[in-house]
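K.L.:
What follows is a protein structure lacking sequence information:
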């Protein structure tokens, strides 16, 4: 409730008086009335509101969350309506998903809160109550007419049945909540403090990264952005293991839907090793507690990892006790926890606060995600979870992804970052050629990261490294910069800032490196970089010849072409996506025998094909080409000098 003696209300009254004086002055101007109205409405729209969210789930099998947004308004005759908007996407996943398509059964209603004076007497005031008129303005916005009410409620239901780091799920076993696809925001008021009250089914417990006490169902957040940055699990059977590092409490919350095989204690210990290693590099984080919210879905398909300010959500398709689920969970945890600093706080300027009416566009995801990928791998080696061979294999795989991709020759790291809305788990109704023209900013950023790290170490004789670049960026832009917006501390950076800081740490102008390898598409100087630490990169053909086709995943017996590489013999022969190759050089071709079949040939051999294209049977000839796909392997150079071996030891240990 708001009392008329509240200092905030008195300030608002004073502002009204000043506005009245300003109004009198403007009457002498020709357009005073219309101009004043626009100014007054703009000022009113920015006054902080008290916003309370309610979340209920009375019928879990319906997959419907029931949301209530209660907004307490100032008594302002100029404030005649309120807009509620569902975001088109959510932070951490950059594709547009249009969450509003799952909103149903909206209702608006109003009333007046009971207000009392300093002596406890109820203040006289009346306003209409009951249902309020509202209209859907566009695909994501609803406008409610306030009709003089000082409390407006907007209720709606959201269908949710996808377990992921982006969407939400409500079913008979649990509720998993990602706020971006559930909670609308009040337009122009994302910056206002909000509260959340959760009403779980009987016996279900609530846990998230801001849980402070047992059986907590009420939460407060400084703004809507932090509300949706707090994934929440509501269920009967999650577990909570804890450990402490540097006075900070870490929760490993696990929701298992399959056998754990007795691995949970070891998993918690290894996650603690990762936390200790990453905080040793960055220094103590600014939070008091952090939650690893892990789901072992055991459904064969649910898989994700998503970073948040005081938590991460990790979803594995298998059970903890099966296959390589344990190792994949640690790999994801190492990546997501590194995001505590890189991207959640040290962030490109476009990443917070956001405009949720359009896709996010930034040139910096190769830093935010790609370099995080690099450190996620490196930190497991430094933590003693991986050995040298495991790290080298992971880095080799990232290099292969980039160097074998035709898009690697066409798209830079910065452009790859900009088209994230097209490639970050985006769905496409039309066919695209992205498989031949695009690259992912994850492996591209990781390969740039390892090369930069090793070159800096060599230039500075291991006195500095990429670790120092990241720490200096965090210090300058997050810890010490004046707050640019209501969202978190500090300000965002531009890619040019990263180039400047990297050059400062290296003690050398690296503008040419960034021009050629970050904004350009030249192949990175891998051999030069690895030689600095007594390693070499070995490249070997995957097959003696190249055809340039891949099979459609859904086909098991017929070889239906999923993609044709543009610089390949298949493209030159006139093959195209959707063709079915029935005969390849007299052999019936299947998805499983392609490698064996083509290995009989050498570059320059001409091979007869029988191809089915729609209802037509074609006879084509393909000329086998030189290898285009290679396996990469990082190995130790037995002739490496002692200085290089010392640099390698420092790199792997973080010294």
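P.N.:
Perfect, I can see it now. Just so it is clear, the model here is predicted, and its values are computed rather than measured.
K.L.:
drop to CA atoms for contacts and neighbour counts, all remaining ones
P.N.:
OK.
K.L.:
For residue 496, grab the count of nearby residues.
P.N.:
A count of nearby residues for residue 496, using other C-alpha atoms under 10 Å, gives 12.
K.L.:
tell me the SS of it?
P.N.:
State at residue 496, reduced to three classes by DSSP: H, G, I helix; E, B strand; the rest coil: helix.
K.L.:
again, but for the one 3 residues further on
P.N.:
Assigned state for residue 499: helix (three-state reduction, three-state DSSP).
K.L.:
I'd like the distance between it and residue 452.
P.N.:
Residue 499 is 11 Å from residue 452, where distance means C-alpha to C-alpha, to the nearest Å.
K.L.:
Please enumerate the helices of the stretch 151-300 of the chain.
P.N.:
Per DSSP state H, counting those that start in this stretch, the stretch 151-300 of the chain carries helices over the ranges 224-228, 264-282.
K.L.:
Can you pull the poorly scored residue ranges out of this structure?
P.N.:
Applying pLDDT under 70 to the chain flags the ranges 1-46, 113-117, 120-129.
K.L.:
Which residues are in contact with the residue most central in space within it?
P.N.:
With distances taken as C-alpha atoms, centre = their mean, residue 92 lies nearest the centre of the chain, 1.8 Å away. When contacts are counted by C-alpha atoms under 8 Å, 6 or more residues apart in numbering, residue 92 touches 306-307.
K.L.:
where's it relative to residue 333, distance?
P.N.:
Relative to residue 333, residue 92 is positioned 15 Å away (C-alpha to C-alpha).
K.L.:
same deal with residue 632?
P.N.:
26 Å.
K.L.:
okay, those two: which has more neighbours?
P.N.:
Neighbours per residue, other C-alpha under 10 Å: of residue 632 and residue 333, the larger number sits with residue 333, 27 against 22.
K.L.:
Can you tell me the element residue 390 falls in?
P.N.:
helix 388-403 (DSSP states H and E).
K.L.:
For that helix, give me every contacting residue.
P.N.:
The contact list for helix 388-403, computed with C-alpha under 8 Å, 6+ apart, reads 374, 377-378, 381, 408, 439, 443-444, 446-447, 523, 630-635.
K.L.:
Which ones among those map onto helices?
P.N.:
Cross-referencing those against helices under DSSP state H gives 374, 377-378, 381, 443-444, 446-447.
K.L.:
could you dump these to CSV with neighbour count and distance to residue 400?
P.N.:
Below are those laid out as CSV (neighbours: other C-alpha atoms under 10 Å; distance: C-alpha to C-alpha, whole Å):
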residue, neighbour count, distance to residue 400
374, 24, 15
377, 22, 16
378, 25, 18
381, 22, 20
443, 24, 9
444, 30, 10
446, 25, 12
447, 27, 10
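K.L.:
and which of those residues is nearest to residue 533?
P.N.:
Proximity of those to residue 533 (C-alpha to C-alpha) peaks at residue 378, which lies at 14.7 Å.
K.L.:
and the closest residue to that closest one other than its chain neighbours, how many residues sit next to it?
P.N.:
Leaving aside its sequence neighbours, residue 378 sits nearest to residue 391 (C-alpha to C-alpha, 6 or more residues apart in numbering; 6.7 Å). By the criterion of other C-alpha under 10 Å, residue 391 has 20 neighbours.
K.L.:
quick one: residue 391 from residue 271, how far?
P.N.:
Taken as C-alpha to C-alpha, the span from residue 391 to residue 271 is 17 Å.
K.L.:
And residue 622, by the same measure?
P.N.:
Residue 622 is 52 Å from residue 271, by C-alpha to C-alpha.
K.L.:
What of residue 567?
P.N.:
To residue 271, residue 567 is 44 Å away according to C-alpha to C-alpha.
K.L.:
So which of those two has more stuff around it?
P.N.:
Comparing residue 567 with residue 271 by other C-alpha under 10 Å, the one with more neighbours is residue 271, at 24 against 12.
K.L.:
so the more buried one touches residue 331, yeah?
P.N.:
No. Using C-alpha atoms under 8 Å, residue 271 is not in contact with residue 331; the gap is 9.7 Å.
K.L.:
give the contact list for residue 603.
P.N.:
Counted by C-alpha under 8 Å, 6+ apart, residue 603 has contacts 544-546, 623-626.
K.L.:
would you turn the residues you listed into TSV with neighbour count?
P.N.:
Output for these, formatted as TSV (neighbours: other C-alpha atoms under 10 Å):
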residue	neighbour count
544	19
545	24
546	24
623	20
624	23
625	20
626	16
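K.L.:
between those, which is closest to residue 79?
P.N.:
For the contacts of residue 603, the closest approach to residue 79 (C-alpha to C-alpha) belongs to residue 546, at 67.7 Å.
K.L.:
Contacts only, for that closest one.
P.N.:
568-569, 603, 624-629.
K.L.:
mind listing the strands in the stretch 501-650 of the chain by residue range?
P.N.:
In the stretch 501-650 of the chain, the segments counted as strands under DSSP state E, counting those that start in this stretch are 535-541, 549-551, 559-564, 580-584, 587-588, 606-613, 616-623, 630-636.
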